[in-house]
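Student: using only what follows, build the 3D model:
(chains A and B)
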There are 2 protein chains.
Amino acid sequence: MEILVTYDIKTVTKEGQKRLRRVAKVCEAFGFRVQDSVFECRLDGSEMLELRDRLESEIDGNVDSIAIYRLREPFSSYVVRLGADPDFGPDGPLFL
Amino acid sequence: MEILVTYDIKTVTKEGQKRLRRVAKVCEAFGFRVQDSVFECRLDGSEMLELRDRLESEIDGNVDSIAIYRLREPFSSYVVRLGADPDFGPDGPLFL
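Tutor: A predicted model of the protein is given here:
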């Protein structure tokens, strides 16, 4: 399945900055960063569960938020990108 | 259609901070903020075109990036939210 992960980690404390780094690291293991806090991923069902569990374990559920959207497929047909090209998504120039 | 707008505006300059405020304002006119730089919107075709045009006119295409994803519908069935609840999306508690 093709999914989008977006996150909002409160970084006012050093702990928050650590959580942000850890969340980004988890996402990097599963997909491609297309914006500062947005990743596009292609996962099977078990990877999706693992991603969800790992993200859930990294955040402070009282202040951070993460959303995982299952996208229309192929999502590249359903996305409009404006401005600077991320150049590193699964359908970006690096993979042509 | 149900769409997700995510944006990454470079705010190192005052101009960038202004662009960020303007982009957020455009998004607020069309949908619901669910994270700092993420909005969920329900739009018809002409609203979608208007949103796209207005966003395109606000950004610096060399450094900012915006992505507009058309979501599976109803997207509320295809999103997993972890952590703090945004409480203000189109399907959030405010609207129950």
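Student: use CA for all of it now, contacts and neighbours both
Tutor: Fine.
Student: next secondary structure element downstream of the top helix by length along chain A?
Tutor: With DSSP state H applied, the helix covering the greatest number of residues in chain A is identified as helix A:14-30. Beyond helix A:14-30 in the direction of the C-terminus, DSSP states H and E gives the next helix or strand as strand A:31-35.
Student: strands paired with that following strand, and their directions?
Tutor: Using DSSP bridges, the strands paired with strand A:31-35 in its sheet are strand A:38-42 (antiparallel).
Student: could you check the angle strand A:38-42 makes with the following helix or strand past the partner strand?
Tutor: Taking DSSP H and E as the definition, the helix or strand that follows strand A:38-42 towards the C-terminus is helix A:45-58. Following axes from the mean of the first three to the mean of the last three Cα atoms, to 10 degrees, one obtains 150 degrees for the angle between helix A:45-58 and strand A:38-42.
Student: how many degrees apart are helix A:45-58 and helix A:14-30 in direction?
Tutor: Angle of helix A:45-58 versus helix A:14-30, following the same axes, to 10 degrees, is 170 degrees.
Student: ok, and what's touching helix A:45-58?
Tutor: Here helix A:45-58 makes contact (Cα atoms under 8 Å, 6 or more residues apart in numbering or on different chains) with A:1, A:19, A:22-23, A:26-27, A:30, B:82-83.
Student: may I see the buried residues of that helix?
Tutor: When neighbours are counted by 16 or more other Cα atoms under 10 Å in any protein chain shown, the buried residues of helix A:45-58 are found to be A:48, A:51-52, A:55-56, A:58.
Student: ok, so of these, who is nearest chain B?
Tutor: If you rank those by distance to chain B using Cα to the nearest Cα, residue A:56 comes first, at 6.4 Å.
Student: thinking again about what came up before, and the buried residues of helix A:45-58 as JSON lines, adding pLDDT?
Tutor: Formatted as JSON lines, the buried residues of helix A:45-58 follow (pLDDT from 0 to 100):
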{"residue": "A:48", "pLDDT": "97"}
{"residue": "A:51", "pLDDT": "98"}
{"residue": "A:52", "pLDDT": "98"}
{"residue": "A:55", "pLDDT": "98"}
{"residue": "A:56", "pLDDT": "97"}
{"residue": "A:58", "pLDDT": "98"}
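Student: residues near the residue nearest to residue A:30 when sequence neighbours are not counted, how many?
Tutor: On the basis of Cα to Cα, 6 or more residues apart in numbering or on different chains, the spatially nearest residue to residue A:30 that is not a chain neighbour turns out to be residue A:41, at 6.1 Å. Residue A:41: 23 surrounding residues under other Cα atoms under 10 Å in any protein chain shown.
Student: which intervals of chain A have sub-threshold pLDDT?
Tutor: Within chain A, the stretches with pLDDT under 70 are A:87-96.
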